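Q: fold the following and give me the result.
(one chain, ligands or ions: 2)
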Amino acid sequence: MPESKTCVELPILDISQPLPPSSLSCLAQACKDWGFFHIVNHGISKELHTQLHLLSEELFSLPSDIKLKVGPLSSIKSYTPHFIASPYFESLRISGPDFYASAQTSADILFNQQNSKFSEVLQEYGRKMAELSAKIIKLVLMSLGDGFDMKFHDSEFKNCHGYFRINNYLPPESLEDEVEGLGMHTDMSCITILYQDDIGGLQVRSKEGKWIDINPSEGTMVVNIGDMLQAWSNEKLRSSAHRVVLKQPANRFSLAFFWCFEDEKVILAPDQVAGEENMRMYKPFVCLDYLKFRENNERGKFEKVGFTVRDFAGIKCQMRCLHSEI
Ligand SMILES: O=C(O)CCC(=O)C(=O)O
Ligand SMILES: [Fe+2]
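A: Ligands and ions are numbered 1, 2, ... in the order given. This is a model prediction of the structure:
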């Protein structure tokens with residue numbers, strides 16, 4: 001991987017307290033420049049993350065033929081095996097709003113005996129993360145404009161739904177150089193909240209095309225803006241390309257919680273958000289149509305950023321050229 005690295009300080013928001021105006025402007029800047037920031041005091045305990053890590057080990061150490069019973073060719077399709085997104089990546093998806101039922105559907109098939117502990121822990125995580133996501137959306141809206149949380153949260157975001165992926169990365173045993181665990185992509189969500197274990201490897205791409213490490217830090221989670229919010233905010237918020245590189249011959253565990261608009265929502269920036277000049281960069285589009293567009297163009301892979309929401313609904317205009325470095 002030839003690109004050089006630079007260091008960057010992304011803001012760390014303590015979201016247990018009201019954010020002072022200086023933190024809100026820092027947040028606005030980070031969302032515009034990077035689409036990434038850190039959160040602390042988020043209400044997810046270390047113990048819950050540890051429990052999830054242990055369950056992940058139990059889950060992914062099952063034989064492949066068992067895991068494939070909920071794989072892409074099954075009716076459940078919750079498990080993404082190796083070689084779909086990358087040779088070194090596998091993942092299990094748990095969907096809301098009933099995280100317990102979703103987890104249990106997979107658990108019934110994966111584990112011989114009843115494993116209600118598995119579904120209970122996953123439910124607890126899903127519920128807490130859904131609450132946290134709504135809180136973070138409000139902060140991001142506040143950073144866009146005074147009172148925008150009150151103005152736009154309930155009218156635009158109240159039907160958002162969440163799902164999460166438990167990710168297991170297994171690099172080759174003879175790891176001489178770093179390998180890509182998950183290729184460059186943008187998320188299709190409004191926001192994604194990421195937890196990575198202490199192995200590290202998450203990187204964000206700068207506007208100049210450099211890869212920047214997002215190092216793990218205890219008690220911290222990472223939030224990134226997804227394509228839906230980039231379009232909804234008329235690019236006041238940026239959905240950055242990111243990837244995972246594996247530098248150590250060790251398993252890497254991560255959790256990615258995606259908070260998304262409802263499928264049938266028509267995405268269109270409100271006038272106040274779009275900006276005074278009201279220069280719109282996106283045609284209105286239905287959320288599900290974009291998800292299908294991505295699915296069809298990537299054939300299930302997290303491949304290139306070749307096709308994003310700009311290719312799908314972007315309007316070519318002068319403003320676009322001014323922003324084309326993104
Ligand atoms: O594993 C990670 O840290 C990142 C995962 C990710 O970007 C994703 O699932 O979209
Ligand atoms: Fe991602």
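
Q: residue boundaries of the strands in the stretch 1-150 of the chain?
A: 12-14, 36-40, 79-80, 89-95 (DSSP state E, counting those that start in this stretch).

Q: for ligand 1, which of the ones you listed is the nearest?
A: Ligand 1 lies closest to strand 89-95 among those, at 7.3 Å (Cβ to the nearest ligand atom). Quick note: C-beta positions are derived from backbone N, CA and C, even for glycine.

Q: now distance to G145 too, for the strands of the stretch 1-150 of the chain, in TSV please.
A: Below are the strands of the stretch 1-150 of the chain laid out as TSV (distance: least, Cβ to Cβ, whole Å):
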stretch	distance to G145
strand 12-14	18
strand 36-40	18
strand 79-80	38
strand 89-95	32
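
Q: mind listing what's buried in stretch 11-31?
A: P11, L13, I15, L19, S23, L24, C26, L27, A28, A30, C31 (16 or more other Cβ atoms under 10 Å).

Q: closest one of these to N297?
A: C31 (26.0 Å; Cβ to Cβ).

Q: that older thread, Throw the buried residues of stretch 11-31 into JSON lines and include pLDDT, thanks.
A: Listed next are the buried residues of stretch 11-31 as JSON lines, based on pLDDT from 0 to 100:
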{"residue": "P11", "pLDDT": "92"}
{"residue": "L13", "pLDDT": "95"}
{"residue": "I15", "pLDDT": "93"}
{"residue": "L19", "pLDDT": "91"}
{"residue": "S23", "pLDDT": "90"}
{"residue": "L24", "pLDDT": "93"}
{"residue": "C26", "pLDDT": "92"}
{"residue": "L27", "pLDDT": "95"}
{"residue": "A28", "pLDDT": "94"}
{"residue": "A30", "pLDDT": "95"}
{"residue": "C31", "pLDDT": "96"}
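
Q: report the two of these separated the most.
A: I15 and A28 (15.4 Å).

Q: ok, S74 touching I66?
A: No. Shown here, S74 and I66 do not form a contact pair, counting by Cβ atoms under 8 Å, at 11.3 Å.

Q: for this protein, which spans come out with low pLDDT?
A: 1-8, 278, 298-306, 317-326 (pLDDT under 70).

Q: get me the contact residues on it for ligand 1.
A: R165, N167, L182, D187, L194, Q196, L202, H242, V244, S254, A256 (Cβ under 6 Å from any ligand atom).

Q: and the last one, which of the three is it?
A: In other words, A256. On the three-state scheme (DSSP: H, G, I helix; E, B strand; the rest coil), A256 is labelled strand.

Q: residue contacts, it?
A: By Cβ atoms under 8 Å, 6 or more residues apart in numbering, the contact list for A256 reads F164, R165, N167, D187, T192, I193, L194.

Q: same check, this time on the second one
A: The neighbours of N167, taking Cβ under 8 Å, 6+ apart as the test, are F89, E90, S91, L182, R252, F253, S254, L255, A256.

Q: 7 Å - rerun?
A: Residues in contact with N167 (Cβ atoms under 7 Å, 6 or more residues apart in numbering) are F89, S91, S254, A256.

Q: ok, it to C287 distance?
A: Separation of N167 from C287 (Cβ to Cβ, to the nearest Å): 24 Å.
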